[in-house]
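Visitor: output the structure for:
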Amino acid sequence: MDSQPLKMFVKPVGFVINKIKRKQEPGYDWREVVSRIEVDDKFSQALEGLEEYSHIIVIYWLHQADAARMALKVHPRGDKKLPLVGLFASRSPYRPNPVGEKAVRLLKRQGNILWVEGLDAIDGTPVKDIKPYIPGYDSAADATVPKWNQKE
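Guide: Numbering: from 1, shown residues only. So this is what the prediction gives:
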């Protein structure tokens with residue numbers, strides 16, 4: 001790797017609008033949250049055809065994540081009962097580049113506004129990109145997870 005840091009400039013394509021104004025406590029059920037993604041008007045044509053998908057992938061910037069809280073080893077979900085793992089083996093928002101990614105249900109599209117369900121992003125979150133969710137391509141049938149991360 002080059003010793004000079006690579007400069008990256010990313011402009012949001014839109015912003016999340018919802019009733020969640022601050023980070024919620026662990027255990028909050030984001031699956032029930034309905035959000036609007038207001039996409040910049042200049043990208044309206046880029047949304048054409050997206051309404052034919054039931055789900056989309058939203059990539060967003062965790063703009064309120066405190067970089068000072070980043071640690072190389074974490075307890076997933078902040079739960080001390082779970083094992084200490086490397087940051088990249090967790091979904092901690094406190095990362096070198098606080099990028100969030102979530103597959104969500106697309107409820108409807110109205111022009112440059114997307115209505116989605118299950119997006120775990122607070123009001124005002126910048127959206128970096130939007131992609132269609134494609135079953136079989138965006139999911140791995142043979143995926144495995146550690147025992148501590150399996151639903152019981």
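Visitor: rest of the way, CA atoms for contacts and neighbours
Guide: Noted.
Visitor: the strands in this structure, which residues?
Guide: Secondary structure of the chain (DSSP state E): strands at 14-17, 34-39, 55-61, 73-74, 85-86, 99-110, 113-117, 126-132.
Visitor: ok, the closest residue to Lys23 other than its chain neighbours - contacts?
Guide: Leaving aside its sequence neighbours, Lys23 sits nearest to Ile122 (CA to CA, 6 or more residues apart in numbering; 6.8 Å). Contacts for Ile122 (CA atoms under 8 Å, 6 or more residues apart in numbering) come out as Val16, Ile17, Asn18, Lys19, Ile20, Lys21, Arg22, Lys23.
Visitor: least confident pick among these?
Guide: For those, the weakest pLDDT value sits at Lys23, with 72.
Visitor: count the neighbours of that residue for me.
Guide: Neighbourhood size, Lys23 [other CA atoms under 10 Å]: 13.
Visitor: and Ala71, what pLDDT?
Guide: Here the pLDDT value assigned to Ala71 is 92.
Visitor: contacting residues for it?
Guide: Taking CA under 8 Å, 6+ apart, we find Ala71 in contact with Leu87, Tyr94, Arg95.
Visitor: make a ChimeraX selection of the buried ones in these.
Guide: To isolate the buried members of those in ChimeraX, using 16 or more other CA atoms under 10 Å:
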select :87,94,95
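Visitor: kindly present the contacts of Ala71 as JSON lines, with separate columns for pLDDT.
Guide: Formatted as JSON lines, the contacts of Ala71 follow (pLDDT from 0 to 100):
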{"residue": "Leu87", "pLDDT": "93"}
{"residue": "Tyr94", "pLDDT": "90"}
{"residue": "Arg95", "pLDDT": "91"}
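Visitor: out of the contacts of Ala71, who's nearest Lys81?
Guide: Leu87 (16.3 Å; CA to CA).
Visitor: thought that closest one was touching Arg69?
Guide: No - the criterion here is CA atoms under 8 Å, and Leu87 misses it with Arg69 at 11.5 Å.
Visitor: how is the chain partitioned into domains?
Guide: Listed by automatic domain parsing, the domain ranges of the chain are 11-63+98-137, 67-95.
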